[in-house]
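> Sequence and computational prediction follow.
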Amino acid sequence: MSTKFKNFISNQIKRFPHQPEFVQAVSEVAESVIPFTSENKKYDNMILERMIEPERMIIFRVPWLDDNNNIKINRGFRVEMNSAIGPYKGGLRFHKNVNLGILKFLAFEQVFKNSLTSLPLGGGKGGSDFDPKGKSESEIMRFCQSFMNELFRHIGPFTDIPAGDIGVGLREIGFMFGQYKKLSNEFSGVITGKGIGWGGSLIRPEATGYGNVYFAEEMLNTNGDGFKNKKIVISGSGNVAQYSCEKAIDLGAKVLTMSDSSGFIYDKQGINLEKLNFIKYLKNIKRGRISEYANEYKSDFFEHKKPWSVKGDIILPCATENELNFEDAKLIVKNGVLCVSEGANMPCNSEAIKYFQQKKILYAPGKASNAGGVAVSALEMSQNSIRFEWSRDEVDNKLKEIMKNIHDCCVLHGKNKSDIDYVKGANIGGFIRVADAMLAQGVV
């Protein structure tokens, strides 16, 4: 590591001692970008230092009434990170662990992810420490309406366009969009992930999971390989995990695992579409625990465990940040993995990533491999603007093309003599577009 990199990271640790996820994300990018800017002097002009500082951070209280008419208070956030190449774009997360550091890390990652799509989107992220689990539908509606009562003044179709994330699905998007429409007196594409009948796009629910598999397929194709007959280990059982599973099945693979915070299921026979539909109902409608799958299909359930002990050819971490550590990575490599592609945001910690790269495992960072969601969100915005709806096949084909272009960008900037460093490729490819726009716009 260079002295410049060490000094840069040391400075960030001192500035943000209570934001470890943000420092981790910045460090991972800086390790690729600082050597690049040192060789390309036009970028060595405090660009990265400017890029890591949000343009705007909004924090507000969210009061709401529970079903017993008790007043509850949560905290709402929106981190508007960078608008050099377009309006802020990024999801809203509702989870008890949400804090400013988590959202800054997600917003920073979003800047690079959105840049890689080649679409005109800046980066942002937001949410609340509100936990939807265990809340009634009426309580969630009242919270979402109160949350939007403040957020609406900071967003707009040409300013900041939120979407969903962990804890924010179609139900929550609907409640927030309805309140925004009431407050603003307009029907616009200000939130993406909407229902098909009221401004949403076909393939949007599937986009992050499908895109993750499309990217992994592109990586495998560089070695003349693919998903057919491969064993797949997936973590998570939410939207990204469900549609990563669905597309992997479609490509002829055998999915063995899915998980939630209670543990993971291991189905030796493979999760087929019928079983996947059960999981969709269980998680999206019933809001149940993944252990119910084991009871229904007589498969194994491992309580409070992660699925990394299961042998698989392709690993798709689709749950949450830092769910896969160095010890997990060693076990995964020992089990003969070919490819690891991140469906979640930063699910592998730094040590795990370096180990995968050291062992020459095909590894895709989330800023590249899970960019399909925001890509189709941009397509939803386009459809809202022109008052038109594309067919499922049209959107899916556009998604495939975008993911292929992201892969090509990573190869262009990450190709070494003997292999492809997808981390370096994604970081530099995403950085260049934002940096060029920032330089063109002056010191702003």
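Received, thanks.
> where does the chain dip in pLDDT?
1 (pLDDT under 70).
> top helix in it by residue count?
Ranked by residue count, the top helix of the chain under DSSP state H comes out as helix 392-414.
> roughly how far out does that helix sit from the chain middle?
Distance, stretch centre to chain centre, for helix 392-414: 16 Å (CA atoms, centre = their mean, to the nearest Å).
> Can you pull out the residues in contact with that helix?
116-119, 201-204, 207, 210-211, 214-215, 218-219, 222, 368, 371-372, 375-376, 379, 390, 420-426, 428-429, 432 (CB atoms under 8 Å, 6 or more residues apart in numbering). Heads up, the C-betas are built off the backbone N, CA and C, glycines and all.
> Which residue ranges of the stretch 51-200 of the chain form strands?
Listed in chain order, the strands of the stretch 51-200 of the chain (DSSP state E, counting those that start in this stretch) span 56-65, 71-82, 88-94, 123-128, 160-164.
> then the second one to CSV, C-alphas only?
This means strand 71-82. C-alpha atoms of strand 71-82 as CSV (Å, rounded to 0.1, in the frame of the first residue of the first chain):
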residue,chain,number,x,y,z
ILE,A,71,-47.1,8.1,19.9
LYS,A,72,-43.9,6.5,18.6
ILE,A,73,-40.8,8.4,17.3
ASN,A,74,-38.3,7.2,14.7
ARG,A,75,-35.6,9.0,12.8
GLY,A,76,-35.6,9.5,9.1
PHE,A,77,-32.6,10.1,6.8
ARG,A,78,-31.7,11.0,3.2
VAL,A,79,-28.1,11.2,2.2
GLU,A,80,-27.8,13.0,-1.2
MET,A,81,-24.3,12.0,-2.1
ASN,A,82,-23.5,13.1,-5.6
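> starting at the chain centroid, how far to it?
For strand 71-82, the distance to the chain centre is 19 Å (CA atoms, centre = their mean).
> Would you give the sheet partners of that strand, along with the direction of each?
strand 56-65 (antiparallel), strand 123-128 (antiparallel) (DSSP bridges).
> Now render those strands as TSV, adding mean neighbour count.
Listed next are the strands paired with strand 71-82 as TSV, based on neighbours: other CB atoms under 10 Å:
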stretch	mean neighbour count
strand 56-65	15
strand 123-128	30
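> so which of the ones you listed gets nearest Ser136?
When the strands paired with strand 71-82 are compared by CB to CB, strand 56-65 sits nearest Ser136, at 11.5 Å.
> In helices, which of the contacts of helix 392-414 fall?
With helices taken from DSSP H, the overlap with the contacts of helix 392-414 comprises 116, 207, 210-211, 214-215, 218-219, 368, 372, 375-376, 379, 422-426, 428-429, 432.
> And this structure, what are its domain boundaries?
1-53+428-444, 54-186, 207-368 (automatic domain parsing).
> Which among these is found nearest to Asn416?
Closest to Asn416 of those is domain 207-368 (CB to CB; 10.4 Å).
> circling back to that earlier point, can you list the strands paired with strand 71-82 in TSV and add distance to Val23?
As requested, the strands paired with strand 71-82 are exported to TSV (distance: least, CB to CB, whole Å):
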stretch	distance to Val23
strand 56-65	16
strand 123-128	16
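> Looking at the ones you listed, which is nearest to Phe147?
strand 56-65 (5.0 Å).
> contacts for that closest one?
71-80, 100, 104, 126, 128, 130, 139, 142-143, 145-147, 150-151, 154.
> Let me know the angle separating it from strand 88-94.
Strand 56-65 runs at 30 degrees relative to strand 88-94, counting by axes from the mean of the first three to the mean of the last three CA atoms, to 10 degrees.
> now the helices: where do they sit in the stretch 151-300 of the chain?
170-184, 207-221, 239-250, 273-280, 291-297 (DSSP state H, counting those that start in this stretch).
> who are the neighbours of the second one, in terms of helices and strands?
With contacts defined as 3 or more CB pairs under 8 Å, 6 or more residues apart in numbering; DSSP states H and E, the secondary structure elements packing on helix 207-221 are helix 239-250, strand 314-317, strand 339-341, strand 362-364, helix 366-369, helix 372-386, helix 392-414.
> Quick one: residues contacting the closest residue to Cys348 other than its chain neighbours.
Leaving aside its sequence neighbours, Cys348 sits nearest to Leu324 (CB to CB, 6 or more residues apart in numbering; 4.6 Å). By CB under 8 Å, 6+ apart, Leu324 lies in contact with Ser235, Lys306, Trp308, Pro317, Ile332, Pro347, Cys348, Asn349, Ala352.
> rerun at 7 Å
For Leu324, the contact set (CB atoms under 7 Å, 6 or more residues apart in numbering) comprises Trp308, Pro317, Pro347, Cys348, Asn349, Ala352.
> just Arg75 next, same as before
Ile59, Arg61, Val62, Ser128, Asp129.
> quick one: it and Tyr297, what's the gap?
According to CB to CB, to the nearest Å, Arg75 and Tyr297 sit 40 Å apart.
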